[in-house]
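the following comprises the amino acid sequence and a computationally predicted model.
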Amino acid sequence: MPNPQTPRRVSVGLIQMACGADKQANIARALELTREAAQRGAEVVCLQELFASPYFCQAVEAERFDLAEPIPGPSSEPFLALSAELGIAVLVSVFERRAPGLYHNTLLVIEAGRIAGLYRKMHIPDDPQFYEKYYFTPGDTGFMAVETAKAQVGPLVCWDQWYPEAARLTALAGAEILFYPTAIGWLPSEKAELGAKQHDAWRTIQRSHAIANGVYVVAVNRVGQEEPPAGIQFWGRSFVCDPLGEVLAEAGEGEEVLVVPLDLGQSEHVRRDWPFLRDRRVDAFGGITERFGRRAVQDDSLTKRGGR
């Protein structure tokens, strides 16, 4: 285990970009921006969710399964080579074709020319224009920390970011940084009424994971409107926050590369002052595995009236 008194620092890179219909062009652009991040000092770089294509889950069309690929494949192989060349780690989001008819939303942790870790998205949404349950089988890898040369990274994906349980289990596995490659935005019909509230909720829940677990959080979103005129307007605003929930850097709503230095020793100090992990009542948490709990009816008058 690293000595907590020894300074440990890592610079993370966030690649926020717009995606077009040309898969090879998207991959080439992501490689270009990853190289830029590394030149600016990034040692662990995270791409956005499903960076190699537009966000295809806005419609239910069987031919969109043709975008899926094996691992390694067209979206990951170039980053295997780039990571070896630059000596960095890269988190690469892939639409995985695991077997005929079996597909996953998969996040690879690639370092020095090898796949150091593979995480399959656990929480799969099914909402208007986020029809992911049609395309993706829920993950079977569980929550994990992946060791890289610079940090223990916690790979998670988009919808996972709303679940405290996912963040907690990933932190308990040893992750020092939670990474959330993301595809989130506004439906044009809702933006005027709900846009600001939705964005604030998204930012707030992830900051809360940092605070509750004493870890860094990195959220990487995409930008641009896809499938206009009613398609999702991805809001960008990728950000990094520290173990106290302070936002250290935040992108705008256009393409952008963020490079943010982190002091991993901060987690030790924060957890000493706010020892949430120490004070967890693990003996009382059995109900968390229930879908929904109900308290038994105690109303004697209802029983006397013959109620059920």
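It's in.

state which helix of this structure is the longest.
helix 188-213 (DSSP state H).

let me see the mean pLDDT of the next helix or strand after that helix.
Downstream of helix 188-213, the first helix or strand assigned by DSSP states H and E is strand 216-220. Average pLDDT, strand 216-220: 98.

please name every helix or strand in contact with strand 216-220.
strand 9-16, strand 44-47, strand 177-181, helix 188-213, strand 239-241 (3 or more CB pairs under 8 Å, 6 or more residues apart in numbering; DSSP states H and E). In this view, the C-beta of every residue, glycine as well, is placed from N, C-alpha and C.

tilt between the longest helix of the chain and strand 177-181?
170 degrees (axes from the mean of the first three to the mean of the last three CA atoms, to 10 degrees).

helices or strands up against the helix or strand harbouring residue 257?
In the assignment (DSSP H and E), residue 257 maps to strand 256-263. Helices and strands touching strand 256-263, by 3+ CB pairs under 8 Å, 6+ apart, are strand 9-16, helix 23-39, strand 239-241, strand 247-250.

and the longest helix of the chain, what's buried?
195, 198-199, 202-203, 205-207, 209-213 (16 or more other CB atoms under 10 Å).

residue 118 pairs with what?
Assessed by DSSP bridges, residue 118 has beta-bridge partners residue 108.

what sits against it?
71, 106-109, 141 (CB atoms under 8 Å, 6 or more residues apart in numbering).

what is the burial count for residue 272?
11 (other CB atoms under 10 Å).

and the closest residue to residue 138 other than its chain neighbours, which of the three is it?
Excluding its sequence neighbours, the residue lying closest to residue 138 (CB to CB, 6 or more residues apart in numbering) is residue 124, at 5.2 Å. Secondary structure, DSSP: H, G, I helix; E, B strand; the rest coil: residue 124 is coil.

before we move on, what about residue 66?
Residue 66 - assigned by three-state DSSP - is helix.

out of the contacts of residue 118, which one sits closest to residue 39?
residue 109 (21.2 Å; CB to CB).

I'd guessed that closest one sits against residue 93; true?
No: checked against CB atoms under 8 Å, the pair residue 109 and residue 93 is beyond contact range at 11.0 Å.

what's the separation between the closest residue to residue 219 other than its chain neighbours and residue 94?
Distances taken as CB to CB, 6+ apart place residue 180 nearest to residue 219, at 4.6 Å, with adjacent residues excluded. Applying CB to CB, to the nearest Å, the value for residue 180 to residue 94 is 16 Å.

what's the answer for residue 261, then?
Applying CB to CB to residue 261 and residue 94 gives a distance of 28 Å.

more neighbours: which of the two?
Set residue 261 next to residue 94 and count neighbours by other CB under 10 Å: residue 94 wins out with 26 against 14.

and the residue most central in space within the chain, what pLDDT?
Taking CA atoms, centre = their mean, the centroid of the chain lies closest to residue 180, which sits 1.7 Å from it. In this model, residue 180 is scored at 99, pLDDT.

surely it touches residue 220?
Yes: counting by CB under 8 Å, residue 180 does reach residue 220; the two are 7.0 Å apart.

the nearest residue to residue 37 once chain neighbours are set aside: how many residues sit nearby?
By the measure of CB to CB, 6+ apart, the closest residue to residue 37 outside its immediate chain neighbours is residue 13, 3.2 Å from it. When counting by other CB under 10 Å, one arrives at 28 neighbours for residue 13.

by mean pLDDT, flag the weakest helix or strand of the chain.
helix 300-304 (a mean of 53; mean pLDDT, DSSP states H and E).

re earlier: contacting residues for the residue nearest to residue 138?
If you count contacts by CB under 8 Å, 6+ apart, residue 124 has them with 105, 132-133, 136-138, 159.

go again with 7 Å.
Neighbour list for residue 124: 132-133, 136, 138, 159 [criterion: CB atoms under 7 Å, 6 or more residues apart in numbering].

among these, name the buried ones.
Among these, those classed as buried by 16+ other CB under 10 Å are 132, 136, 159.

give me the pLDDT for the last one.
Reported pLDDT at residue 159 in the predicted model: 98.

got phi/psi on it?
phi -60, psi -30 (degrees, to the nearest 10).

pretty sure it contacts residue 125?
Yes: assessed by CB atoms under 7 Å, residue 159 is found in contact with residue 125 at 4.7 Å.

could the buried ones among the contacts of residue 124 go into JSON lines alongside distance to residue 290?
Converted to JSON lines, these look like this (distance: CB to CB, whole Å):
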{"residue": "132", "distance to residue 290": "25"}
{"residue": "136", "distance to residue 290": "25"}
{"residue": "159", "distance to residue 290": "21"}
